[in-house]
Structure formats: C-alpha cells, structure tokens
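S.K.: Have a look at this fold, sequence not included:
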C-alpha cells in the first residue's frame, strides 16, 4: 500500500500526475467538489451566515473510497487547483475526510510537469483559509440572491424563472445593447473613393478625406472633378512599429479563440482544461500576464535557436487589473520544444497559446507607412491613399494580427506604387456611395467576456458558467436576425459624365450574436426597476472587490455577507408585497373587426398576442409570436397576421395539409403527422408547393433504413439530436457513430443495448396509474407522470435495496408521493 495519498479534482489530472510519482504515491480524484450547499432549500443559517454543506448522493461512494484510502496512508497531499475554487475543494476534503493536520499537506502548482509536481511536494503549505472564505462568501451570497429573488420572479412574472447576481447583470448588458440598437437612428453620408493610374500605368485606390452630407454635395464635387487634372500633392513615408500582445489571460484567450477559431467560451475552457490536465499548458484560469523567469529564458533560447538573435526580445508584462487574483502566471506552454499536440481540436488551441507566448518574447515588427495626397488646387477636398510595408516581420513571423469585432472592415492599408510629388495622375473612375451609420454591434460571447472584465464583474472562473447559464435559462439566445433591405444612391464618374444608380443594400442582419428573448427583457425590466442596486454595474464590481479583500485577509467574510443581507432582504420583502406583476405588456391598438384592444405580452407558454381583456365575458383570443418576432417591436399589422395561423392548404395524397406554429416553432401538418420546418422559417412563406416538398422529404426520411427482428427501423433528427426508431422505442445515436452511414450491425447493437437498458429500468410499474419505481443513475426513484420523487429511507434509517422495492405495495408508493408534495 502506498504511503502517500494525493487527491486531485479530476481523473485526467490524476492520471497525468501519477506518471511523475513513484510507487510510494497513489493519486486519486475527488471528481470536483465532494460537498456543497443542499440542492433543496437554501442551506444557510441567515442569523450567522453559516452554510450547511452536504455530500450529494452521487459523491457518497467517492467519499467512502477516499476515506478508506486516507486511513491507510501516512500522508495525504491535497493537490486541487491553486485558485479559490481549488482551495475550497481541498478544505472540504480535509473537513469531510476528517484529516489530521499533522498528516495533511496542501500543494499547489500552475503546470502539471514532473519538475513542478516534485517542487510542489518539496514546498507544501497549509490550506489558505482566506481563499476558502472568499469562495464560501461568493457561494453563499449567490445562493442568497438566487433563493430570495427567484421566488419573487415566480410570483410576479412566471414560475420556473431564476435570478443570479452575475447572470442578471450579464443579461442587463445584452438587453441594454439591444435597446440601443432599436433606438438607433441611422444617418447617411456620401463616401467618395477613386481609382487612380500613375505614369507607370499602375493603379491604386484612394479615399476622399471628407464625407459629404447629402447627394447634392457629392454630385457637385464629382461634376467639378470631371474636368480636373489630378496630381500627387504630397507623399510622406514614416517608420513605424507593431508590438506583440501580452501572453494570454483567461479572458483574452476566450476572446482570441472566438475571433480566430470561432470557439465559444465553454468550448475554449473545456479544451484548455484538457491541455492543462494533460500537462501541455499552465493553469488556464488566470488574470495575470506575468511569465516566470524560467519560461522567459526557455522562450529566449528557443527563439534564438529557431529564428536568430534579432528576433528575440525577452520581456515581462505587468497585469493592469488591480483586481487580479493571486500570484498566477499567464497561460503558456509548459515546454516550448513541444510544437504541436496529436489531438486536432486540442492542437488548434495549443497552437494559439504556443504562438502567442512565443510572440510576446519576440522583437517588434518594423513597418514603413506611406501616405499619398492626391488632388488639385481647384478642389477644396483631396484624396488620400495609405499603405504600409513590413520591413522586418519580428513577432509577426509566428503570430499575425487579426481584426476584432469592433474594428471597421474599411481598411485602406495596402502596398502602394512609387509616385513622385507633382506627378500627374489619371483616374479610372471615382464613385460616391451613400453609406449609413451603424449602431453598436451586438455582443458575441468573447465581446461579453471583455465587457464583464472591463466592468470588474466576475472573475476568470465565472465567465464561462455565466454565459452558459443565461442561455440555458433562455433569457438570451443566438438566433439569426434576418437582414432588411433599403435603397442607396451610387454616383459614378467616368470620363464623360456622372451616372446615378439606385441599388439595394442589405443591413441589420446578424448571426451568432447575443439577442435577448422576450422573457429575458421582461425579467430584466422587472429586476432593474425593483432591484436597481443589486443589478448596478458598480455595485456588482464592488462585491467582487470585497471577495478579493476576503482572499487577501483584509475583510471578514461573514461581516460582508451580513452587510449585504441587512440591505438586501428588506428590498425583497417590499418588492414581494408591493410590486406589480410584470408581463411586458404593450397595447398595440384596436382590432379592426371587434374594436377590442390588442396586447403583446408574456403568457403562460411564452410571448403572445391577446385580443380583448382577460376579464371580458367573451374569452380573449390568443396567438403565439413567431420566433423572429418580439414583444417590444411587433406592429399591429404583424400581430393581426398571426391570427391567420394555422391555415389550410389543399389535401395531399388524401390527407389534409395545414401550416401552423407550435411550442417548438412552425410546422406543416399532414394528416396526424407534424413536420417541423425550422424556427427561422416564416410560416406565411409556406406555399402548397413547398408544403408538398416538405412532406415528400419527410416520407423519404421515414422509409425504413433496416429491420430488427422482422420489424422496420427508421431514423430521424429530433429535438435532442439524431435517433433511430424501432416500434415505439426511440434510440439516441451517440456522436461516435456516423449517423448518415449507420450499418445494419450498428443499428442492431444500438437497439439491443436500449432494450436491455429498458428491461433493467423498471423495478415495478403500474401503467394504469402512471406510477413506477425505476432504477436511476444515482439509485432507485419513484416516477409519477413526469415527476421524479426520492424514495424515503426505511424506519431503521437505511436505504431500500432494489430487491426490497420489488415487493413494495402501490398504496405505500402513493403515500410516498403524497408526502413528497
């Protein structure tokens, strides 16, 4: 038996560390936190702010195994991550496993390499209670906010909603950005660009330095230019430099992975976690840009060896953020000699980290900027061409520059031909185009992270979970915004005349950007109206600063919580008693047929249109909004159109055909079959021809792809992904299978496994009453309808065994169901 037990939070991390330690060490994983606040109830004593932690059912077996291993070991090494979350995991382990201080050591490392692990073991420390308390303060405060605010939302808006300290502020940012876009009034101007030809017959483009406010000004300028001789008025060449960016922090990695790789924040962190646990990079949750002296030296040697001395410029960066947590290092490779990783997805992110770190230690790029001024003394406004040449590539050799989402695409930096001052130029064409100003862009995931960081809201460990939560709660989504059309004026000057064209331009379309949902907007309006301080950006940042102060030991965590709660709880009570219900209701006008009011509002099943009052003798009429519509912008005309849905088309193959909109979006109904046609589809665009094509496509898709025990097997794609269907059995097809090319053997394998699972699912089943006792992932449970109920313990305090549950009567199960209500 090993004398030393090392406990980490992840099995992948355990596997990597085990390779570096000898037979005297056994490395085990706790699989994250072993205990937490209870899932039911607040779990906090609000008089003392003492949390009541419990080991969840799925962790009890792990805790038992860790306790047994700890008893046999001479020394237990707690090696969870070095941030506050990791420190809390170590503390919970020490508490729950009842580890003796003299037999317990805490070790930390920011990279999983042999040297780092051995060095950590040589330099153990005690658990840092300040870091633990900072994590507890965040966990407890967020639980209080969620548990006290969420029931208010259920009462005042709709059941099932939730509020959170950071998530609600993130939603507020997205809602306010959308409101800015709606209120934005575009202004037009005319931008002029010309293509000029020099004496060597080489052409290049130049832009007029001034934009014109209206069509007449632009046209007057072009008419004047018609008879003008152009020449080079001035040329200027300036040396310049480009400097490499600092190594990655968590947020800059998330932003760059989004811009360069198209990765979402959650994907980036999942891949980075694997790279860290497999020993390729340093710890991936950090807000520091520092590099260790060893890393700087190692990078310098590699750069000199690979590219030469002139490319090397060792430097260290300082973290600008005053709120940076702990003494972390930037995200970097653990070994510069490892140029790539075998796994394709891991390698994409690894290359980004590898090249960014190398570039940060390389020389600046030297560039030569050229400016050419073109015009005539008779013209008040002149053209300007800008270009640049890279004289020495420096860091650009490994890490090029890309535009971020906020930068204008209209760059005029390019390589220009050589010209002399006074040289006469001809023009090929000069065009004045009407351009409209644009509103601020919607947030991408990376853009939202950047904004949260700028405001001091959240920390490296919270960005990804926050973004995941606000989407799961359906307060925001990334639905496609279809572009609109408008006419713009284009004036073109050739050698003879000014020609005018009216062209169509698409604008306002968006993809993969955050858009608030109707329920998100209603919740945000209610929270900002009634809990303005809690959702205030400055207040939220101050709370984060308090957590930092607790981590430093300068503030007592329970005092911080008491100060917050003494102010927060009376607001909850006041809002619960006095605030009006919120539905986001808008009165759109009168129904031309009945003369009744038409409202857009949130209903029980989501955003809807209502004709008439709720307390009218005649029941109001209702219609659901399309997924492309929202309460804040829908017009009276658009609302009236919704009452034409569902509408009938002609029969097809002897069955009735209609088009409607349901809970999951638009559909074509053919006989008793409902065929989804995609959330973004406008149901009014579905003609007879389109509907028949959709039905035929569905008929082909429903053709048997195989047979199982003489019965046909079909396949399809549903709400939860691809599946195959055998009789009434739906079988999900995992990603490891090629769904489009499933073999007969694979289909049989999937169905057989599903049948076996279903056979083992029920311990007892009463189909008539829709009640069953079933085997679950964490043990047996009772299911009544769609509700799952925990099975109570026996009189002696022990759990029921599956064998004992086989003889439990229906009457007893019904008593459990009643008791659980």
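M.R.: Ah, there it is. Predicted, not measured: the structure shown is a model, and the values here were computed from it.
S.K.: for the stretch 501-650 of the chain, what spans make up the strands?
M.R.: Taking DSSP state E, counting those that start in this stretch to define them, one finds strands in the stretch 501-650 of the chain at 515-516, 586-590, 597-603, 606-611, 621-624, 647-652.
S.K.: Out of these, which one sits most buried?
M.R.: strand 515-516 (a mean of 23; mean count of other Cβ atoms under 10 Å). Heads up, the C-betas are built off the backbone N, CA and C, glycines and all.
S.K.: helices or strands up against that one?
M.R.: Packed against strand 515-516, as judged by 3 or more Cβ pairs under 8 Å, 6 or more residues apart in numbering; DSSP states H and E, are the following elements: helix 165-183, strand 476-477.
S.K.: Against which helices or strands is the first one packed?
M.R.: Contacts defined by 3+ Cβ pairs under 8 Å, 6+ apart place helix 165-183 against helix 129-156, helix 445-454, helix 463-472, strand 515-516, helix 518-530, helix 537-552.
S.K.: hang on, isn't residue 207 packed against residue 190?
M.R.: No. Using Cβ atoms under 8 Å, residue 207 is not in contact with residue 190; the gap is 11.9 Å.
S.K.: ok, these two, which is more surrounded?
M.R.: Neighbours were counted for residue 207 and for residue 190 using other Cβ atoms under 10 Å; residue 190 has more, 26 against 16.
S.K.: what's around residue 709, how many residues?
M.R.: 10.
S.K.: So which of the helices and strands packed on helix 165-183 is nearest residue 558?
M.R.: Between residue 558 and the helices and strands packed on helix 165-183, the tightest spacing by Cβ to Cβ is seen for helix 129-156, at 8.1 Å.
S.K.: buried set for the helix or strand where residue 692 lies?
M.R.: Applying DSSP states H and E as the criterion places residue 692 in helix 688-701. Under the neighbour-count criterion of 16 or more other Cβ atoms under 10 Å, helix 688-701 has 691, 692, 694, 695 buried.
S.K.: mind checking how far the nearest residue to residue 641 once chain neighbours are set aside is from residue 676?
M.R.: Spatially, and ignoring its direct neighbours in sequence, residue 641 is nearest to residue 684 (7.0 Å; Cβ to Cβ, 6 or more residues apart in numbering). Distance of residue 684 to residue 676, given as Cβ to Cβ, to the nearest Å: 17 Å.
S.K.: What of residue 710?
M.R.: Distance of residue 710 to residue 676, computed by Cβ to Cβ: 30 Å.
S.K.: Which one of those two is surrounded by more residues?
M.R.: More crowded of residue 710 and residue 676, by other Cβ under 10 Å: residue 676, with 17 against 5.
S.K.: Nearest residue to the more buried one in space, please, no chain neighbours.
M.R.: residue 667 (5.3 Å).
S.K.: What is the burial count for the one you found?
M.R.: Count around residue 667 with other Cβ under 10 Å applied: 22.
S.K.: Then residue 22?
M.R.: By other Cβ under 10 Å, neighbour count at residue 22 equals 8.
S.K.: any idea how far it is from residue 264?
M.R.: Counting by Cβ to Cβ - residue 22 and residue 264 are separated by 41 Å.
S.K.: now do residue 28
M.R.: Taking Cβ to Cβ, one finds residue 28 at 32 Å from residue 264.
S.K.: Which one's more surrounded, these two?
M.R.: residue 264 (21 against 18).
S.K.: what sits against the more buried one?
M.R.: Residue 264 makes contacts with 258, 445, 467, as judged by Cβ atoms under 8 Å, 6 or more residues apart in numbering.
S.K.: And for residue 172?
M.R.: Contacts of residue 172 by Cβ under 8 Å, 6+ apart are 524, 527, 528, 535.
S.K.: Would you reformat those residues as JSON lines and include distance to residue 127 and neighbour count?
M.R.: Formatted as JSON lines, the contacts of residue 172 follow (distance: Cβ to Cβ, whole Å; neighbours: other Cβ atoms under 10 Å):
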{"residue": "524", "distance to residue 127": "40", "neighbour count": "26"}
{"residue": "527", "distance to residue 127": "37", "neighbour count": "23"}
{"residue": "528", "distance to residue 127": "40", "neighbour count": "18"}
{"residue": "535", "distance to residue 127": "34", "neighbour count": "19"}
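S.K.: Show me which positions of stretch 472-485 end up buried.
M.R.: Quick answer for stretch 472-485 (16+ other Cβ under 10 Å): 473, 475, 476, 478, 479, 481.
S.K.: so which of the residues you listed comes closest to residue 311?
M.R.: Distances from residue 311 to these, taken by Cβ to Cβ, are shortest for residue 478, at 40.7 Å.
S.K.: Go ahead and confirm the closest one touches residue 510.
M.R.: No. Using Cβ under 8 Å, residue 478 is not in contact with residue 510; the gap is 9.0 Å.
S.K.: distance of residue 621 from residue 647?
M.R.: Distance from residue 621 to residue 647, by Cβ to Cβ: 15 Å.
S.K.: Show me which residues of the strand or helix carrying residue 273 are buried.
M.R.: Here residue 273 sits within helix 265-277, counting by DSSP H and E. Across helix 265-277, burial judged by 16+ other Cβ under 10 Å covers 265, 266, 267, 268, 269, 271, 272, 273, 274, 275, 276, 277.
S.K.: Make CSV from those and add distance to residue 615 and pLDDT to it.
M.R.: Putting those into CSV (distance: Cβ to Cβ, whole Å; pLDDT from 0 to 100) gives the following:
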residue, distance to residue 615, pLDDT
265, 46, 92
266, 46, 91
267, 50, 93
268, 52, 94
269, 51, 93
271, 56, 95
272, 56, 95
273, 55, 92
274, 58, 94
275, 61, 95
276, 60, 93
277, 60, 91
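S.K.: going on from the one helix or strand residue 373 maps to, what's the next piece of helix or strand?
M.R.: If you go by DSSP H and E, residue 373 is part of strand 365-375. Moving toward the C-terminus from strand 365-375, the next helix or strand (DSSP H and E) is strand 383-392.
S.K.: Can you redo the helices and strands packed on strand 515-516 as TSV, where the extra columns are distance to residue 156 and mean pLDDT?
M.R.: Listed next are these as TSV, based on distance: least, Cβ to Cβ, whole Å; pLDDT from 0 to 100:
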stretch	distance to residue 156	mean pLDDT
helix 165-183	14	94
strand 476-477	20	94
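S.K.: Out of these, which is closest to residue 314?
M.R.: Closest to residue 314 of these, according to Cβ to Cβ: helix 165-183, at 37.8 Å.
S.K.: Now for residue 620, how many residues are close by?
M.R.: Neighbour tally, residue 620, other Cβ under 10 Å: 16.
S.K.: circling back: need the contacts of residue 172 in a markdown table with pLDDT and distance to residue 587, can you?
M.R.: What follows is the contacts of residue 172, written out as a markdown table (pLDDT from 0 to 100; distance: Cβ to Cβ, whole Å):
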| residue | pLDDT | distance to residue 587 |
| --- | --- | --- |
| 524 | 94 | 21 |
| 527 | 94 | 23 |
| 528 | 93 | 22 |
| 535 | 86 | 27 |
